[in-house]
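Novice: dropping a prediction and its sequence here:
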Amino acid sequence: MPIIAPSLLAADFSNLRQEMSAVVEAPWLHLDVMDGHFVPNISFGMPVIKALRPHSQAKFDVHLMIDPVDPYLEATAKAGADHITVHVEGNAHLHRTLQTIHALGCKAGVAICPATPPEALSEVMDMVDIILVMTVNPGFGGQKFLHGQLAKIRTLAEMIRRSGRDITLGVDGGIDETTTPLVTEAGATMLVAGSAIFGKGDRKAAIEGMRAVARPARRA
């Protein structure tokens, strides 16, 4: 059963505390921090994460789409992040960044954009806890799923298998009941979903619906 991580980027920003309570059964909450520089959008920052932290028992899965990222790692951890995911793109010292995240007591994740090959992560497979495949170009919610990323998910699933480590393989972008069976069959074990959950009146039913259509990973 894949982990479903509702993305607060698609929630009602005027009522975030109530929006979190509507997805209380989700074990993770995905929080996108965007700077308008690394990606063409601005979302929210550490004060919002810190304000929300006391009101949820879920793991806070914080995705930093910012550049530079290293100066904000400690602030992200102190705000209440359980996981901190950074991008492989443009990070010349990814190994050191992952070391820092672990030293701060958080799980370390690496996100990979659609144009980046999976082999870019080959040198950090021994350090990463979460791999997040962007199945849209990052920056905005509500985009259409890029089917060309399925091959990348399969490749990364095989890289994880060969590593022998317990690495969560997530997908983010265009995830709904139609694409859930495709990505889970390819090997995804965590699904970030925004409008497919917060765009529905019954958020619990939306989460259960995605779980219901998930498929076991297919081995090559």
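Specialist: It's in.

Novice: rest of the way, CA atoms for contacts and neighbours
Specialist: Will do.

Novice: and Val133, what pLDDT?
Specialist: Looking at Val133, its pLDDT is 98.

Novice: that one reaches Ile112, doesn't it?
Specialist: Yes - using C-alpha atoms under 8 Å, Val133 makes contact with Ile112 at a distance of 5.3 Å.

Novice: in the chain, where's the longest helix?
Specialist: Of all segments of type helix in the chain, defined using DSSP state H, the longest is helix 150-163.

Novice: identify each buried residue in that one, please.
Specialist: Buried residues in helix 150-163, counted by 16 or more other C-alpha atoms under 10 Å: 150, 152-157, 159-160.

Novice: mind putting those into TSV with pLDDT and distance to His87?
Specialist: Formatted as TSV, the buried residues of helix 150-163 follow (pLDDT from 0 to 100; distance: C-alpha to C-alpha, whole Å):
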residue	pLDDT	distance to His87
Leu150	98	19
Lys152	98	16
Ile153	98	16
Arg154	98	19
Thr155	98	18
Leu156	98	15
Ala157	98	18
Met159	98	18
Ile160	98	18
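
Novice: tell me the two of the residues you listed that are most distant?
Specialist: Longest distance between any two of the buried residues of helix 150-163 is 15.3 Å, between Leu150 and Ile160; criterion C-alpha to C-alpha.

Novice: what about Ile55, distance to Val213?
Specialist: Wrong residue type there; residue 55 is His, not Ile. Distance from His55 to Val213, counting by C-alpha to C-alpha, to the nearest Å: 30 Å.

Novice: ok, the two, which is more surrounded?
Specialist: Val213 (15 against 12; other C-alpha atoms under 10 Å).

Novice: go ahead and confirm that one touches Leu182.
Specialist: No - taking C-alpha under 8 Å as the definition, Val213 is not a contact partner of Leu182, at 9.5 Å.

Novice: what's the neighbour count on Asp202?
Specialist: 12.

Novice: with Thr85 instead?
Specialist: 26.

Novice: so it sits in a strand?
Specialist: Yes - Thr85: assigned to a strand according to DSSP: H, G, I helix; E, B strand; the rest coil.

Novice: over to the residue nearest to it when sequence neighbours are not counted. Which of the three states is it?
Specialist: Leaving aside its sequence neighbours, Thr85 sits nearest to Gly109 (C-alpha to C-alpha, 6 or more residues apart in numbering; 4.0 Å). State at Gly109, reduced to three classes by three-state DSSP: strand.

Novice: please report the distance of Gly109 from Arg215.
Specialist: 24 Å.

Novice: of these two, which one has the most company?
Specialist: Gly109 (27 against 18).

Novice: in the sheet, which residues pair with that one? Tell me.
Specialist: Note on Gly109: beta-bridge partners by DSSP bridges are Thr85, Ile130.

Novice: I figured Met46 hits Ala77, correct?
Specialist: No - applying C-alpha under 8 Å, one finds Met46 not in contact with Ala77, separated by 9.2 Å.
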